[in-house]
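Enquirer: Mind looking at a prediction? Sequence and model below.
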Amino acid sequence: MKSLIGFLILFSIPAISVAQKPPVKFGEISVEELKMTKYDRDSSASAVILADYGESIIQYNQNEGFQLKFERLKRIKILTKDGLDYANFSIPLYHDGNNSEKVSGLKAVTYNFENGKIVETKAKNDAIFKEKSDSNLDLTKVTLPNVREGSIVEISYTILSDFLFNFQDWEFQSDIPTVMSEYRARIPEYFSYDKFMQGYIRLSINEESKSPASISITTKERAEGIGGQTKFYTDKINYEESRYRWGAVHIPAFKPEPFITTPRDYISKINFELSSTQSPGQPIKRYMGSWEDINKLYAESADFGDQVSGNPFLKRTVEEITAGISEPEEKIGAISNYVKQNITWDETSRKFTTKTFRNVLDDKKGNSAEINLLLASMLDKAGISSFPVLLSTRDHGFIREEIPISSQFNYVVCLAMIGEKSFLLDATEKLLPTGVLPERCLNGKGFVVSKGGYKWIPLKSSTKSRVVVNVDLELTQEMELAGKLQIDRGGYDGLAGRKRYFSRDEKEYVKSFVGSRSWEISKTEITNAREIQQPLKEIYELVMNEQMTSAGDQIYLNPLFLYRIEENPFKLENREYPVDFGSPFERVYMCRIKIPDGYQVDELPQPKMLALPENAGRYSYSVTQAGNILNVISNFQINRSIFSQLEYPNLREFYNQVVAKQDEQVVLKKK
């Protein structure tokens, strides 16, 4: 960012001030660290970060203006073979057009303890290379040499950046434990950043202070006429600098449990967003703005809001699609299906269009914004109120409403309104019913863009994932179970099943379904594969010969052949972040087993009913006998998407009891 403050004209000398010494110095490796064979606080760790130190300073350069200088030192102990990958480092560098962040002062060394002394091996130039990450990010990658179990690897570098909005965030936590992590920042009073912490690690250092600083400005005045003498003038500008210091010690590894959005939502970290700048004597220049500003920006954008209201050529196509249809909901379905069947998603998540709708229709391919803004525009031409909805997908992280910045969004869907009734639509998934968002979109709230003003809307599933299994079997004299199995897959389970089905031929689909089970399938019938509003239906005629064990004159049989929960997915006794299932789901299992002559029931599992508070989850299980018929009914429900940390113990115990109940067996005995 050149000449952000215009009065710093030609030459400047930053004020020298006394600062605290860094907590760690490059190359100061101890023999004790090299001899370490395990980390006492986490004996399972494959590597441990011994020290991670960084400092960001906003400084002035006479040619470039204010710049951001970031220095980092990171030291890692390799404990096992699984930890060898931690000797590879990636340094992200932002770029925009011809301007890019620059890395300098790169040092990378491997330390080993050999013959009673410390041996250093420096990384050579051929171990350092660049790699493109995305349109605005490159990676400088470094592979450390001579790394083995017991090595210590260390890297330090400096990044110089003109992008003051890209103030370096800092992660205190990693997927391996950390002994010490510290971050410092020095920010002149001309810059205001919003800072917010996330995660559950308690900081051991959290300091803020104000210090006087100054810049000397030298200007020159050239005298008129031949032989005139140039005069130099020096002015001193005083300002205040905010200094911050954050630190933590003995930080455990972040170990993601099942059912979260993305680890970066929960890892302990400090985030920075440029809020405003103010030069002396000048008004405040705001960068963060407000949600009102963001709504106006998108609503009036040629590549966003104007795409919905524009493109009049679509009206004729819409009239053809909706000919003979009078009900608005049916029009929504017809237009949505048209877009789904004619445009293929290119698997990229975008907020803006990059090509015209004519080109999208000609190419029959588009990004998420192009497909769903096209859908909104076509609904608009049908006289249906439609609005773009910005959101953040689950792998992108959740939205913080208190931080009004558009970089939190990465995806667009469509909202259609009929009176007070609303429909959230996404035409990127051909195999999802109309009005059902893809699971990747079920992440908090969406930002509805409208020229009349924005609003937030919950991104909830309009349907429950539901699998219904019906089994009708007979136990033969050969001790095999023979009969029919029917599976109905609805909601997101139906989508997953259809994706598997259409990605291969039916024979391969059946083979994949059977997997490692010793089942013999004699006949298969799969229906509703393309009727996406209906459950996907699978019927198998089969013989099972692995479901039983015998001991003497007794037979032990677990009647849950599918969707049995064999182990609790929640391993930790306590959890520091919410459980996010994405959407509610249900597993219904009904089984009828005919017992052969000569056998009788010796033992049946007792019936069980479980319920979480506020009906957030339910489970019922029963095995009953009617003559020579066993009837098994199992119904497992999760009725809410998100469970807080306080609710976690109940949820974990709920799963424990379900696992225990589903492990019980029916015992048959010869008469």
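Expert: Perfect, I can see it now.

Enquirer: Quick one: residues in contact with stretch 417-429.
Expert: 328-329, 332, 336, 339-340, 343, 345, 368, 371-372, 374-375, 384-387, 389, 413-416, 432, 434-435, 437-438, 441, 446, 457, 459, 462, 495 (Cβ atoms under 8 Å, 6 or more residues apart in numbering). In short, each C-beta sits where N, CA and C put it, glycine included.

Enquirer: Which strand residues bridge the spatially closest residue to Met609 that is not a sequence neighbour?
Expert: Once flanking residues are discounted, Met609 sits nearest to Ser620: 5.0 Å by Cβ to Cβ, 6 or more residues apart in numbering. Under DSSP bridges, the beta-bridge partners of Ser620 are Met609, Asn635.

Enquirer: pLDDT value on Ser620, please?
Expert: pLDDT, Ser620: 98.

Enquirer: Hmm, it is touching Ile633, no?
Expert: Yes: using Cβ atoms under 8 Å, Ser620 is in contact with Ile633, at 7.2 Å.

Enquirer: Run a quick neighbour tally on the residue nearest to Met609.
Expert: Neighbourhood size, Ser620 [other Cβ atoms under 10 Å]: 15.

Enquirer: OK, contacts around it?
Expert: Counting by Cβ under 8 Å, 6+ apart, Ser620 has contacts Pro607, Lys608, Met609, Leu610, Ile633, Ser634, Asn635.

Enquirer: Filter the contacts of stretch 417-429 down to the ones in strands?
Expert: Judged by DSSP state E, the contacts of stretch 417-429 include Trp345, Ser385, Ser386, Phe387, Val389, Val413, Cys414, Leu415, Ala416, Gly446, Ile457 as members of strands.

Enquirer: Show me which pair in these is furthest apart.
Expert: Across the ones in strands among the contacts of stretch 417-429, no pair lies farther apart than Trp345 and Ser385, at 24.6 Å, counting by Cβ to Cβ.

Enquirer: now the helices for the stretch 301-450 of the chain?
Expert: For the stretch 301-450 of the chain, the helices defined by DSSP state H, counting those that start in this stretch occupy 305-309, 314-321, 328-342, 357-363, 368-381.

Enquirer: from the ones you listed, which stretch is densest packed?
Expert: helix 368-381 (a mean of 26; mean count of other Cβ atoms under 10 Å).

Enquirer: Pull that one out as CSV, backbone CA atoms only.
Expert: Output of helix 368-381 as CSV, limited to C-alpha atoms (Å, rounded to 0.1, in the frame of the first residue of the first chain):
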residue,chain,number,x,y,z
SER,A,368,-21.8,-22.0,-7.8
ALA,A,369,-22.5,-18.3,-8.3
GLU,A,370,-23.2,-18.6,-12.0
ILE,A,371,-25.7,-21.5,-11.5
ASN,A,372,-27.6,-20.1,-8.6
LEU,A,373,-27.7,-16.5,-9.8
LEU,A,374,-29.0,-17.9,-13.1
LEU,A,375,-31.7,-19.7,-11.2
ALA,A,376,-32.6,-16.6,-9.3
SER,A,377,-32.8,-14.6,-12.6
MET,A,378,-35.0,-17.1,-14.2
LEU,A,379,-37.3,-17.2,-11.2
ASP,A,380,-37.4,-13.4,-11.4
LYS,A,381,-38.6,-13.6,-15.0
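
Enquirer: Show me what it is packed against.
Expert: Here helix 368-381 touches helix 305-309, helix 314-321, helix 328-342, helix 357-363, strand 385-391, strand 411-418, going by 3 or more Cβ pairs under 8 Å, 6 or more residues apart in numbering; DSSP states H and E.

Enquirer: of the ones you listed, which approaches Ile215 most closely?
Expert: Nearest of these (Cβ to Cβ): strand 385-391, 40.7 Å.

Enquirer: which stretches of the chain have low pLDDT?
Expert: Scanning the chain with the threshold set as pLDDT under 70 gives 1-19, 216-228, 233.

Enquirer: Show me it divided up by domain.
Expert: 44-213+244-286, 291-458, 465-670 (automatic domain parsing).

Enquirer: want to throw these into a markdown table with distance to Lys236?
Expert: What follows is the domains of the chain, written out as a markdown table (distance: least, Cβ to Cβ, whole Å):
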| stretch | distance to Lys236 |
| --- | --- |
| domain 44-213+244-286 | 11 |
| domain 291-458 | 36 |
| domain 465-670 | 50 |
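
Enquirer: quick one, which of these is packed in tightest?
Expert: domain 291-458 (a mean of 19).

Enquirer: if I pick Glu647, what's in contact with it?
Expert: Contacts of Glu647 (Cβ under 8 Å, 6+ apart): Val579, Leu612, Pro613, Ala616.

Enquirer: Now Gln645: closest residue in space, sequence neighbours ignored.
Expert: Gln645's closest residue in space is Arg575 (Cβ to Cβ, 6+ apart), at 5.7 Å.

Enquirer: Now the one you found. Its backbone dihedrals?
Expert: The phi/psi pair for Arg575 (degrees, to the nearest 10) reads phi -130, psi 140.

Enquirer: and what of Glu300?
Expert: phi -100, psi 0.

Enquirer: wouldn't it be in contact with Val308 here?
Expert: No: applying Cβ under 8 Å as the test, Glu300 and Val308 come out as separate, 11.5 Å apart.
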